[in-house]
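Chemist: the amino acid sequence is not available; the structure is as follows:
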């Protein structure tokens, strides 16, 4: 039986889809059988981030309509054979699928996978409820900005109302800028921790490489020369699996940041 | 014998309520009982009320009392116990004497609600009596209490105390920086967070002050 995570945030544009793709990629590269489900029906993105948009034949909509079996709709990743994507339809709407449909889909594929990540759409309406319904645990993504934190708080509250215990809700702080924190221009990790009072499972520093990777359709974790970022993401994966890996400190994150800067500068000179 | 009986005892007149299912039914029985004795009581006579089963009917006590008071009687004591069924003499064996419940103390019938968690955006704690929150009240969260509100934590959401118009309700928070404070019908927005703060109504305005600068006696004796 697979462990089912939903990756959600409330606010849009905080990096849910990118994180889903990267965490899934890392888990798959470690040998786990991973399925990613795009629950953002009508605004699908996960296939693009994974570089699988040209391989989609059927979507979750076809599965719900009974047109095809769920295993016919799953798209296998080009390099990582144990990473699969259940794509969303771009022409359907979120109202065409119910939370029960999602539960059914997940229960059908649950046997064949170790981990299932559901990429939740922004907002707290039908799409959110669809994505959360089959999940056992939730990963809430926020950025160090007040609107994102307020929305994350709202989402955590909704998850609690849906009987998620606080121990089943994990927080990732994305797009963290250590140098801004050092200058007192950004909320610190402690600020966010005290505001949301939920366990932080990872801090991901802001990186321009993500844009490059996303546009190329290769998850950052699979790109060459991105070991440091890979390490940070790997840490999150290990922590999800219950291993006791310390979260990098501000200094460690900053060190990595400057390392990237040097790396980029090196490129520029050449 | 019905479920309701009136007896003359050492304690004065006692209205004995044995067992009932429906509150309205009970009221009809009480009315009947009193109408049989029409003219026996003078106005403002004090009577005691005795309940056989406090646990089962405790939530109805206030309603029963206000019903009796509407009939023109004053309720002196509320007793819990049995009326023994001795053939010759019906005596009372009082197990417990409850404090007099009057209109002002109504909120005491609803015990304080204690919540040990973070109240998050979109969540609301609604309670008729006092509310004690051990944890933070986040932006977008709300506490609506009929009585007082105590927040052992940081209060950043909306707090409404004395929501049924009780101006004597007070609010306490370790860190008070809510979006809105309302006591009875008075509201206030704070510009600055106040630490260890107490909020109360004085002269039609909500005041929020540090606990150590408040003359607490004044807050409590507000009515004089």
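Modeler: Ah, there it is. This one's a predicted model, so the numbers in the text were calculated from it and none came from an experiment.

Chemist: what residues does chain B have near chain A?
Modeler: Those residues of chain B that sit near chain A, judged by C-beta under 8 Å from any C-beta of the partner chain, are B:118, B:120, B:121, B:122, B:123, B:135, B:136, B:138, B:139, B:140, B:141, B:154. Backbone N, C-alpha and C define where each C-beta goes, glycine included.

Chemist: bridging residues for the nearest residue to residue A:77 once chain neighbours are set aside?
Modeler: If you skip the residues right next to it in sequence, residue A:77 has residue A:83 as its closest partner in space, 4.1 Å away by C-beta to C-beta, 6 or more residues apart in numbering or on different chains. With DSSP bridges applied, residue A:83 shows beta-bridge pairing to residue A:34.

Chemist: what helix or strand is residue A:85 on?
Modeler: When elements are assigned from DSSP states H and E, residue A:85 belongs to strand A:83-86.

Chemist: which of the residues in whatever helix or strand comes next after that strand are buried?
Modeler: Downstream of strand A:83-86, the next assigned helix or strand under DSSP H and E is helix A:99-109. Applying a neighbour-count criterion of 16 or more other C-beta atoms under 10 Å in any protein chain shown, one finds A:101, A:102, A:105, A:106, A:109 buried in helix A:99-109.

Chemist: quick one: these as CSV, columns for distance to chain B and pLDDT too.
Modeler: Listed next are the buried residues of helix A:99-109 as CSV, based on distance: C-beta to the nearest C-beta, whole Å; pLDDT from 0 to 100:
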residue, distance to chain B, pLDDT
A:101, 25, 95
A:102, 22, 96
A:105, 28, 96
A:106, 26, 96
A:109, 32, 96
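
Chemist: which non-adjacent residue is nearest the residue of the stretch 101-250 of chain A found nearest chain B?
Modeler: Taking C-beta to the nearest C-beta as the measure, the stretch 101-250 of chain A has residue A:157 as its residue closest to chain B, at 3.3 Å. The shortest distance from residue A:157 to any non-neighbouring residue, by C-beta to C-beta, 6+ apart, is to residue B:120 (3.3 Å).

Chemist: what's the pLDDT at that neighbour?
Modeler: Residue B:120 is assigned 93 on the pLDDT scale.

Chemist: for the one 10 residues further on, same thing?
Modeler: Looking at residue B:130, its pLDDT stands at 92.

Chemist: get me the contact residues on the stretch 1-150 of chain A for chain B.
Modeler: Near chain B, the residues belonging to the stretch 1-150 of chain A are residue A:150 when assessed by C-beta under 8 Å from any C-beta.

Chemist: can you give me the neighbour number for residue 165?
Modeler: Reading this off chain A. Burial measure for residue A:165: 9 neighbouring residues, criterion other C-beta atoms under 10 Å in any protein chain shown.

Chemist: my question was about chain B, not that one.
Modeler: 10.

Chemist: got it, and residue A:223?
Modeler: Going by other C-beta under 10 Å, the residues that sit close to residue A:223 add up to 16.

Chemist: surely it is in contact with residue A:214?
Modeler: No: no contact is recorded between residue A:223 and residue A:214 when judged using C-beta atoms under 8 Å, the distance being 10.6 Å.

Chemist: got a winner among the residues of chain B next to chain A for most neighbours?
Modeler: When neighbours are counted as other C-beta under 10 Å, the busiest of the residues of chain B next to chain A turns out to be residue B:120, with 28 neighbours.

Chemist: quick revisit: of all pairs in the residues of chain B next to chain A, which one is the farthest apart?
Modeler: B:122 and B:154 (17.5 Å; C-beta to C-beta).

Chemist: how far does stretch B:30-50 stretch from start to finish?
Modeler: Distance between the two ends of stretch B:30-50: 13 Å, counting by C-alpha to C-alpha, to the nearest Å.

Chemist: buried stuff in it?
Modeler: Burial within stretch B:30-50, assessed by neighbour count using 16+ other C-beta under 10 Å, is assigned to B:30, B:33, B:34, B:41, B:47, B:48, B:49, B:50.

Chemist: now render the residues you listed as TSV, adding secondary structure, distance to residue A:201 and pLDDT.
Modeler: What follows is the buried residues of stretch B:30-50, written out as TSV (DSSP: H, G, I helix; E, B strand; the rest coil; distance: C-beta to C-beta, whole Å; pLDDT from 0 to 100):
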residue	secondary structure	distance to residue A:201	pLDDT
B:30	helix	62	83
B:33	helix	67	80
B:34	helix	68	79
B:41	coil	71	72
B:47	strand	65	80
B:48	strand	62	81
B:49	strand	58	82
B:50	strand	60	82
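
Chemist: centre of the chain to stretch B:185-201, how far?
Modeler: If you compare the mean C-alpha spot of stretch B:185-201 with that of the full chain, they lie 25 Å apart, counting by C-alpha atoms, centre = their mean, to the nearest Å.

Chemist: please name the nearest non-neighbouring residue to residue B:41.
Modeler: Closest residue in space to residue B:41, ignoring its immediate chain neighbours: residue B:73 at 6.7 Å, by C-beta to C-beta, 6+ apart.

Chemist: residue contacts, that neighbour?
Modeler: Residue B:73 makes contact with B:41, B:44, B:45, B:46, B:47, according to C-beta atoms under 8 Å, 6 or more residues apart in numbering or on different chains.

Chemist: that older thread, in this structure the residue nearest to residue A:77 contacts residue A:31, no?
Modeler: No: Residue A:83 is not in contact with residue A:31 according to C-beta under 8 Å; the separation is 10.9 Å.

Chemist: so the two - more neighbours on which side?
Modeler: Taking neighbours as other C-beta under 10 Å, residue A:83 and residue A:31 compare with residue A:83 leading, 26 against 10.

Chemist: how much space separates the residue of chain B found nearest chain A from residue A:99?
Modeler: Of all residues in chain B, residue B:120 sits closest to chain A, at 3.3 Å by C-beta to the nearest C-beta. Going from residue B:120 to residue A:99 by C-beta to C-beta, to the nearest Å gives 21 Å.

Chemist: count of neighbours near residue B:163?
Modeler: If you count neighbours by other C-beta under 10 Å, residue B:163 ends up with 20.

Chemist: before we move on, what about the one 4 residues further on?
Modeler: Using other C-beta under 10 Å, the number of residues around residue B:167 comes to 17.

Chemist: that one against residue B:199, yeah?
Modeler: No: between residue B:167 and residue B:199 there is no contact under C-beta under 8 Å: 11.9 Å.

Chemist: tell me which residues of the helix or strand harbouring residue A:231 are tucked away?
Modeler: Following DSSP H and E, one finds residue A:231 within helix A:227-240. Within helix A:227-240, the residues scored as buried using 16+ other C-beta under 10 Å are A:228, A:229, A:230, A:232, A:233, A:234, A:235, A:236, A:237, A:238, A:239, A:240.

Chemist: and the helices in the stretch 151-270 of chain A?
Modeler: Taking DSSP state H, counting those that start in this stretch as the criterion, the stretch 151-270 of chain A carries its helices at A:178-182, A:189-196, A:209-216, A:227-240, A:250-269.

Chemist: residue A:130: helix or strand, and which one exactly?
Modeler: In this structure, residue A:130 is located in helix A:126-132 according to DSSP H and E.
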